[in-house]
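Trainee: Pasted the sequence and its predicted model underneath.
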Amino acid sequence: MSRRKRYGALVVVACVAAAAGVLSGAGAGPGEDLGLSDVATPNTKSTGYAPAGKLSVELRQIAVAQGSTKLENGSPQVGYYGYDNDLVNAAGQPQMVPTPGVANEAHKTEPDKNTYLVFKHGLTGPDPNYDYGTHFLFQGHETGAPGYITRINLDADAAHRVTLLAQTDVNGVPMATMDGSTWEPWANRLLFTTENSNAAGVYSATPGYPSVVEDLSGSMGRGGYEGIQDDNDGNLWIAEDIGGNSKPGTTARFPNSFIYRFVPESPGDLKNGKLRVLQVLNGSGNPITKASQAPVNSADQLALHAYGSSFATRWVTIHDTATDGTAPYSANAAATTNDGTPFKRPENGVFRPGSHFQDFYFDETGDTNATSVENANSGGWTSVFKLTQSDPSANSGRLSIFYKGDQAHAGFDNVTFLSRNEITFGEDAGDTLHGQRNALDSAYVLDVTLDYSEPANQPVRWLAEGRDASATIDSANGGFGKNDGDNEVTGIYVSDGDPRVEGILGAKAPHLFTGGWRFFYTQQHGDNPTYEVVPAG
């Protein structure tokens, strides 16, 4: 059969299987909670030990790509999904297994945040004679050189499975490494964030091949940007991840990262508008700032992380292209100068489905060290905040803490909603805390209708992440100076792939495993597989 006929036959089989799953109750109804079973224990961290991941009994996972997947159109610098070509073997392939006693691994590029999209007319690729299908998963890569964008063609065969979309911007400048991503439906552009505040801030990219990439540093500034999310007014919400220095004599870190909102002059205009920073007011009506949080366990920090507290918020403009121009600028410096409220690495945030973009949840990763004196009451373990506004463009709102972490639930990073009420967070606790608590990362479900100040209410672990052999070797050798250690849960993403304005995350309640709703995450570091999570059975 021709390639398209074979593909069509496979689609029929897949659709029959999916329909069987739906009929057997594998999928959730409109916005229904999944009721996933708890995985009782995390995987332990042990020298030379590479345990398999453990999922809720209702779930299974399928790898859709991994680091060693060859790009269909690799370049001299990048030839594989998760590896640079900085160190190759005699056959010209990346050195993926180090020689015993020798630090000779190729650089792992760490594919990060996933963005899933469905284009009913398909997208172009390097092979003009190949039909790439309609279902696609996009990633930026967090480490290595240069930064680059990949597209997993979920309907394609092995030879066309992963496409290198871009590694330079429209001016030929090598891209910085990337972390977060989202789809901007008014501009019909993917947006990728970079934590490299010296190189860029946000990139816009077309989804087809070759991707046209533009640096938006003149409008959105440069910062340690990670999470980025749209609202239905066309604003862009950005979470920053710049770890502060340690407070003197402690392992507690200064809050040093901000929540931003870019307000375009009109929806889809990515080059003109205002960048604003979130400012939280304390009980006396004064801004909570870097200075006010400088003392160890400062009064503002303690109040901010107390269950039952609620604080007035407002958005402060720190850059306006109409008056300040379009030269690149430091968003972090401008936010500090204008008394923005910093947090301990608020890496990602999402809107609650069905809230009309009034409820925004974001995490605070914390200090990721069991010895921090600010763990228990000042956000050192991790925190989840809820920001409520009358509408997404409102200039004021209320901030409250939704969840305070502990040693067993720490370093929350990536986030997505599984249903109307269930939000999931993946840990990025890091090698140090993994060893201190003897537990690798996990991913948890929290119910936003519950009060987590009540000890009886606890997160449900749906994933106890394992550790592949490659990450185990890296962790034992300090990453060989260029590769990370233990595996991390990243890129958690639930979507039906709708590229319209009506499809912005938060506009619709997820119907997971039915109606085209799909669930992805990446086991970052090590072998870097990207998984689709599917119903068991």
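Mentor: Good, I have the coordinates.
Trainee: This protein: helices as residue ranges?
Mentor: 3-23, 217-220, 299-304, 321-324, 331-337, 430-437, 469-476 (DSSP state H).
Trainee: mean pLDDT lowest for which of these?
Mentor: Lowest mean pLDDT within the helices of the chain: helix 3-23, a mean of 36.
Trainee: For the stretch 1-150 of the chain, give me the ranges with low pLDDT.
Mentor: Low-confidence segments of the stretch 1-150 of the chain (pLDDT under 70): 1-31.
Trainee: try 90 this time
Mentor: 1-33, 98-103 (pLDDT under 90).
Trainee: what residue ranges in the stretch 401-537 of the chain are flagged as low confidence?
Mentor: In the stretch 401-537 of the chain, residues with pLDDT under 90: 479-481, 537.
Trainee: how far away is the closest residue to Trp237 other than its chain neighbours from Arg398?
Mentor: Leaving aside its chain neighbours, Trp237 sits nearest to Gln229 (4.8 Å; criterion: C-beta to C-beta, 6 or more residues apart in numbering). For every residue, glycine as well, the C-beta is placed using N, CA and C. Applying C-beta to C-beta, to the nearest Å, the value for Gln229 to Arg398 is 19 Å.
Trainee: can you check Gly379 too?
Mentor: For Gly379, the distance to Arg398 equals 18 Å [C-beta to C-beta].
Trainee: number of nearby residues for Ile149?
Mentor: A count of nearby residues for Ile149, using other C-beta atoms under 10 Å, gives 24.
Trainee: mean confidence for stretch 385-400?
Mentor: Stretch 385-400 comes out with an average pLDDT of 98.
Trainee: Contacts made by that stretch with the rest, please.
Mentor: Stretch 385-400 has contacts (C-beta atoms under 8 Å, 6 or more residues apart in numbering) with 231-233, 235, 259, 263, 278, 280, 308-315, 343, 346, 351, 356-364, 401-402, 448.
Trainee: Likewise for stretch 33-43?
Mentor: 28, 51, 53-59, 408, 418-422, 439-442, 445, 447, 460-467, 512.
Trainee: Could you identify the buried members of the residues you listed?
Mentor: Buried by 16 or more other C-beta atoms under 10 Å: 28, 51, 53-56, 59, 408, 418-422, 439-442, 445, 460-467, 512, out of the contacts of stretch 33-43.
Trainee: where do the strands sit along the stretch 351-500 of the chain?
Mentor: Per DSSP state E, counting those that start in this stretch, the stretch 351-500 of the chain carries strands over the ranges 359-364, 383-388, 396-404, 412-417, 422-427, 442-447, 460-464, 488-495.
Trainee: And for the stretch 101-250 of the chain?
Mentor: 115-118, 135-140, 149-153, 162-166, 181-184, 189-193, 202-205, 213-215, 225-230, 236-240.
Trainee: how about those strands in TSV, adding distance to Val384?
Mentor: Below are the strands of the stretch 101-250 of the chain laid out as TSV (distance: least, C-beta to C-beta, whole Å):
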stretch	distance to Val384
strand 115-118	22
strand 135-140	24
strand 149-153	29
strand 162-166	33
strand 181-184	20
strand 189-193	20
strand 202-205	24
strand 213-215	32
strand 225-230	13
strand 236-240	12
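Trainee: can you tell which of those is closest to Glu72?
Mentor: Among the strands of the stretch 101-250 of the chain, the nearest to Glu72 by C-beta to C-beta is strand 162-166 (5.7 Å).
Trainee: in its sheet, what does the closest one sit against?
Mentor: Next to strand 162-166 in the sheet, as set by DSSP bridges, lie strand 149-153 (antiparallel).
Trainee: Do I have it right that Thr163 meets Ile149?
Mentor: No - counting by C-beta atoms under 8 Å, Thr163 does not reach Ile149; the two are 9.3 Å apart.
Trainee: coming back round to it: between Gly379 and Arg398, which has more neighbouring residues?
Mentor: Here Gly379 and Arg398 are compared on neighbour count by other C-beta under 10 Å; more neighbours surround Gly379, at 30 against 13.
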